[in-house]
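Q: sequence-free structure coming up:
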């Protein structure tokens with residue numbers, strides 16, 4: 001599978017081998033991981049990806065991606081789909097960055113690339129959510145073109161959708 005490109009980033013598809021290292025929190029020889037990678041969330045996403053691969057096969061291209069800096073290849077976080085599109089052509093996304101990479105527009109840039117890719121693949125709706133107190137993540141989704149569509153006591157729900 002081909003990597004997705006953004007101006008400053010490369011979204012590299014996670015392989016089963018990558019996922020095993022990420023889930024274990026232990027980089028393979030030669031890997032370039034930023035301090036703090038993988039976060040507990042990234043480790044959980046890698047473990048879920050491995051479970052999906054074992055139960056129903058590799059969901060690529062609708063799986064997780066490592067967010068790498070184009071300049072030096074350092075992995076600064078992850079982004080991806082929770083599962084393949086459903087019968088309504090909808091997907092749910094998630095993302096996260098190491099602390100040192102936050103506040104520089106990387107998450108919005110990565111999300112824009114993922115949204116563009118989803119649309120090119122025929123996805124009609126992309127959903128995401130953020131904790132009500134996570135203003136930064138809310139800004140990421142808004143900056144990437146998603147809109148707030150609902151909220152409850154703990155989460156704000158965002159959506160990007162396209163017509164055929």
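A: Alright, I've got the coordinates. Note that the structure is a prediction, hence the values are computed from the model and not measured. Numbers count the residues shown, from 1 in each chain.
Q: C-alpha from now on. contacts and neighbour counts both.
A: OK.
Q: which ones are touching residue 42?
A: Contacts were defined as Cα atoms under 8 Å, 6 or more residues apart in numbering; by that measure residue 42 touches 22-23, 77-78, 96.
Q: my error: substitute residue 121 in the last question.
A: Residue 121 touches nothing, counting by Cα under 8 Å, 6+ apart.
Q: repeat that for residue 24.
A: Counting by Cα under 8 Å, 6+ apart, residue 24 makes contact with residue 43.
Q: list phi and psi for it.
A: Per-residue torsions, residue 24: phi -80, psi -20 (degrees, to the nearest 10).
Q: count the neighbours of the residue lying closest to residue 28 once chain neighbours are set aside for me.
A: Nearest non-adjacent residue to residue 28, counting by Cα to Cα, 6 or more residues apart in numbering: residue 21, 6.5 Å away. Number of residues near residue 21 (other Cα atoms under 10 Å) recorded here: 17.
Q: roughly how far does residue 21 sit from residue 99?
A: 20 Å (Cα to Cα, to the nearest Å).
Q: just the contacts of residue 42: which are in helices?
A: In this view, these that belong to helices under DSSP state H are 22-23.
Q: turn the contacts of residue 42 into TSV, columns for distance to residue 145.
A: TSV is the format used below for these (distance: Cα to Cα, whole Å):
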residue	distance to residue 145
22	29
23	30
77	20
78	19
96	18
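Q: just curious, which of the contacts of residue 42 is nearest to residue 143?
A: Using Cα to Cα, residue 96 is the member of the contacts of residue 42 that lies nearest residue 143, at 15.3 Å.
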